[in-house]
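**Q** okay, here's the prediction I keep looking at, along with the sequence it came from:
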Amino acid sequence: MNSSPPPANSANGDTTNNVVNGQDLNLNFLDKIRLAATRDAKEDEGEDLPTELNTINSAGGFLVVSPDKLSVKYTNTNLHGHDVGVVQANKPAPIKCLTYYFEIFVKDSGIKGQIAIGFTKESFKMRRQPGWEVNSCGYHGDDGFLYRGQGKGEPFGPKYTKDDTVGGGINYASQEFFFTKNGAIVGKIPKDIRGHIFPTVAVHSQNEEVSVNFGKKKFAFDIKGYEATERNKQQIAIEKLSTPPNIGYGLVKTYLLHYGYEETLNAFNLATQTTVPPIHIDQENAIDEDDSSYALKQRKNFRQLVRNGEIDTALAELRNLYPQIVQDDKSVVCFLLQCQKFIELVRVGKLEEGVKYGRLELAKFVGLTGFQDIVEDCFALLVYEKPEESSVGYFLEDSQRELVADAVNAAILSTNPNKKDVQRSCHLQSHLEKLLRQLTVCCLERRSLSGDQGETFRLHHVLNNNR
Amino acid sequence: MSLFRIFINQLEEDDEDMATSKKMITREEWEKKLNAVKLRKEDMNTLVMNFLVTEGYVEAAEKFQRESGTKPEIDLATITDRMAVKKAVQNGNVEDAIEKVNDLNPEILDTNPELFFHLQQQRLIELIRQGKTDEALEFAQEELAPRGEENQAFLEELEKTVALLVFEDASTCPVKELLDLSHRLKTASEVNAAILTSQSHEKDPKLPSLLKMLIWAQNQLDEKAVYPHINDLSTGQLEDPSE
């Protein structure tokens, strides 16, 4: 790698100044606090999901949508092929997921049972059966045929009628539509419609009545099980790949070194050396012991101090051992430690002392961009009788101490005189973190190059088994 | 031009089209994306804890819980029991291991005839290794043969194992690998996996799978883009896209 400094006139030349950037790096930790604040918020892709039927863009005159917008009835007498009662969902099917699925229940099959379930584009002619027109597809109840863009259907599955539950789904991984009847898969076809598509239902003879389930009620079909099977298919392909032996051990070891989990590291080293057979972590050179074990003892001690809430001691020790880290009392590390001190006072109920400390040490950050919102959130702890149950309760959690400890750890690591490239934030990430970031970006990028379709990688979801 | 030639040219053109249609992502853009990833420290800690727990490093898991505040996904005491079983098999004390498994949860062996057979087979191997020929034969006839009658695969395994007795010098025996240390380890990891499954825990740690997934994800993205890779998993060093 090219280790020479970038020319001063390069695009990022003015921001790669060492001092400024040491600060920039630590600004990451402020973002991490903001991330912690949103932890309880559901991690979704921000897509609106279909929740009800669209009563505006439907085939008015032929059908009646119930007041709850979840069922539809054909009230007219059908005369020809252009008076179908079609209704779409209020939102298109989400795309940033592995599958989309919805179901209908046939309450009444009317005179002819000409019910259909399928997917259509927003511009679909609302008086035609889904599947009869291009860019649409539909599974029809009266013949069990599947129609996709032509007037003529193809044999697909069983017919369906009164009391049947029928489902329509999109599998973004395999790029297929699939349909189900009474909880079992009927069949699948290639998904050849591009862009946003809407879950669609059609009724076409007198008294036909269908209710729609967009997921508020339990589905007849085990969509979670289907998704698990789909993920498993991909997993089987992945497991066939090979990685160097024992690579996980080396990564765990550098992770422990990086964050200064010294006692864990010692126990881990001892165990891997005495196991039968001993685990050879043969990337010793790559681990670069000197670099990652830099100031290990000190980093471990500071982590313990912060984790125990002994912030004053930590600050005093820092002034003693690493004055360069705390000489600027408006640095991120100082800010985080002083916030933590305030938090610890709130934790033990010393509110008055907290207020005093806040005025003395935290007031100077008010008005400083990047700090202000966090200071305000911190002070908000004072408002609540039970701050741990409040919206800013995350400050009192263990993970907040861990985060501050990480910031101190990173600051000490950046004082390593052997590190030539301290200005590159990646040098302050553990190897494991680099790999996980690469994995996340690869998956995100691939999805964005596939029309944003499909599921992406999220460590949090994987750790919770996609629940 | 022959048809074949045309065909080849066509292929080459297609190839070129493919190459030019790939999205180019510079290192600078890529690093920006990397830094924008929202990765929680707790999740990384959980991943490491999952590794320590699944691989059975109970002391390290205890320390890690204390040093990082990460909660282990199962009771750490169960790791100690699991590792005791594993160690017993690794050291050739199969009888001891069977007893320990049954103490832990008798259903494990009851519901896993194959595992139970493999443990018994390992016991037979240990007897042969110790030169206790009479005892080995008696054990094979009384304990293993009835199971072989129930299951053809077991019978074949049994015959293979007994073949060890025929050769005075085991090193010349065609099935000598049964006497290898690696066979003990194989049996040990089988019983380890069965215990984990019985505790409704996955039998493999997640970390190695994620590393494979990284290779897979890079391969997948290669089809659509040119971007900086990580080729050395042990360092996570980002390498400039090759032109």
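**A** On my side now, so go ahead.

**Q** show the contacting residues for the closest residue to chain A within chain B.
**A** In chain B, the residue that lies nearest chain A is B:Gly236 (3.3 Å; C-beta to the nearest C-beta). (Glycine included, C-beta is placed from N, CA and C.) Residues in contact with B:Gly236 (C-beta atoms under 8 Å, 6 or more residues apart in numbering or on different chains) are A:Gln429, A:His431, A:Leu432, A:Glu433, A:Lys434, A:Leu435, A:Gln438, B:Ile230.

**Q** please repeat the previous calculation with a cut-off of 7 Å.
**A** Residues near B:Gly236 by C-beta atoms under 7 Å, 6 or more residues apart in numbering or on different chains: A:His431, A:Lys434, A:Leu435, B:Ile230.

**Q** tell me how far the second one lies from A:Pro190.
**A** I take that to be A:Lys434. To A:Pro190, A:Lys434 is 38 Å away according to C-beta to C-beta, to the nearest Å.

**Q** name the residue in these two with the higher neighbour count.
**A** Taking neighbours as other C-beta atoms under 10 Å in any protein chain shown, A:Lys434 and A:Pro190 compare with A:Lys434 leading, 20 against 11.

**Q** and the more buried one, what element?
**A** For A:Lys434, the host element (DSSP states H and E) is helix A:431-448.

**Q** for that helix, name the packing helices and strands.
**A** Secondary-structure packing of helix A:431-448 (3 or more C-beta pairs under 7 Å, 6 or more residues apart in numbering or on different chains; DSSP states H and E): helix A:247-259, helix B:27-36, helix B:41-55, helix B:206-222, strand B:229-230.

**Q** ok so, going back, can you list phi and psi of the residue of chain B closest to chain A for me?
**A** phi 70, psi 20 (degrees, to the nearest 10).

**Q** tell me the pLDDT of it.
**A** pLDDT, B:Gly236: 88.

**Q** excluding chain neighbours, what is closest to the residue positioned nearest the centre of chain B?
**A** Nearest to the mean C-alpha position of chain B, by C-alpha atoms, centre = their mean, lies B:Asp204 at 6.1 Å. In this structure, B:Asp204 finds its nearest non-sequential neighbour in B:Thr54, 6.7 Å apart by C-beta to C-beta, 6 or more residues apart in numbering or on different chains.

**Q** please verify my assumption that the one you found contacts B:Pro205.
**A** Yes: counting by C-beta atoms under 7 Å, B:Pro205 is a contact partner of B:Thr54 at 4.0 Å.

**Q** the two: which is more packed in?
**A** A direct count of neighbours by other C-beta under 10 Å for B:Thr54 and B:Pro205 places B:Thr54 higher, at 24 against 19.

**Q** state the distance from the more buried one to A:Ala295.
**A** 31 Å.

**Q** rewinding a little: most tightly packed of the helices and strands packed on helix A:431-448?
**A** Ranked by mean neighbour count, the helices and strands packed on helix A:431-448 are led by helix A:247-259 with a mean of 25 (mean count of other C-beta atoms under 10 Å in any protein chain shown).

**Q** now the next helix or strand along the chain from it: buried residues?
**A** Per DSSP H and E, the first helix or strand lying C-terminal to helix A:247-259 is helix A:262-274. Neighbour-count burial for helix A:262-274, with 16 or more other C-beta atoms under 10 Å in any protein chain shown as criterion, is recorded at A:Glu262, A:Glu263, A:Thr264, A:Leu265, A:Ala267, A:Phe268, A:Ala271, A:Thr272.
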